[in-house]
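Participant: Next comes the sequence, and after it the predicted model I'd like to discuss.
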Amino acid sequence: MANLHSDHPGERPAADPVKLLAIRDTPLSVDEVFRAVGDDASGGTALFVGTVRNHDGGADVDALGYSSHPTAEDELRRVAEKVVADFPVRALAAVHRVGDLAIGDLAVVVAVSCPHRGEAFEACRRLIDDLKSQVPIWKHQKFSDGTDEWVGV
């Protein structure tokens, strides 16, 4: 999808601002995502990293696993293209982990580069919020008391 936004008359938008999208069962890299959104015409890059925390809703979490529907990558692309259509995105990247994760592991990394910082913050927030609410990825938390819970199902 072409990015139709431009700060300067005659400035050519990036051919495809969606640089990296993936759902992986291997550890994620903040550096990889940050490098993917590098753009000389961008004055602002916003990056969000979601990690596995040791508690949720007042209960201690020992571990968790993420699983995804086979359409998850297609939905992730749809979400990314909507962000590109709504903001002056020069470059965008999003990766989400699936499988068993430990406390402190990276679960999701997203980044957006735009001409200005405010746009980058807004676009990045929309990207992570829409990813979490619209992409079919589910979290299975395992609590210290032996109970468990599915989130997002």
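Facilitator: Here it is on my side, so go on. Numbers count the residues shown, from 1 in each chain.
Participant: When you work out contacts or count neighbours from here on, use the C-alpha atoms and nothing else.
Facilitator: Will do.
Participant: quick one: secondary structure of the residue nearest to residue 134 when sequence neighbours are not counted?
Facilitator: Excluding its sequence neighbours, the residue lying closest to residue 134 (C-alpha to C-alpha, 6 or more residues apart in numbering) is residue 75, at 7.3 Å. Under DSSP: H, G, I helix; E, B strand; the rest coil, the three-state class of residue 75 is helix.
Participant: how about residue 75, what does it touch?
Facilitator: Each residue near residue 75 by C-alpha atoms under 8 Å, 6 or more residues apart in numbering is listed here: 134, 135, 136.
Participant: got these as TSV, with pLDDT columns?
Facilitator: Shown next, in TSV, are these (pLDDT from 0 to 100):
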residue	pLDDT
134	97
135	97
136	97
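Participant: Narrow the residues you listed to just the buried residues.
Facilitator: For the contacts of residue 75, a burial check counting by 16 or more other C-alpha atoms under 10 Å picks out 135, 136.
Participant: Tabulate the contacts of residue 75 (JSON lines), appending secondary structure and distance to residue 39.
Facilitator: Supplementary listing: these in JSON lines, determined by DSSP: H, G, I helix; E, B strand; the rest coil; distance: C-alpha to C-alpha, whole Å:
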{"residue": "134", "secondary structure": "helix", "distance to residue 39": "27"}
{"residue": "135", "secondary structure": "coil", "distance to residue 39": "26"}
{"residue": "136", "secondary structure": "coil", "distance to residue 39": "30"}
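Participant: What is the nearest of the contacts of residue 75 to residue 102?
Facilitator: The closest of the contacts of residue 75 to residue 102 turns out to be residue 136 (C-alpha to C-alpha; 21.0 Å).
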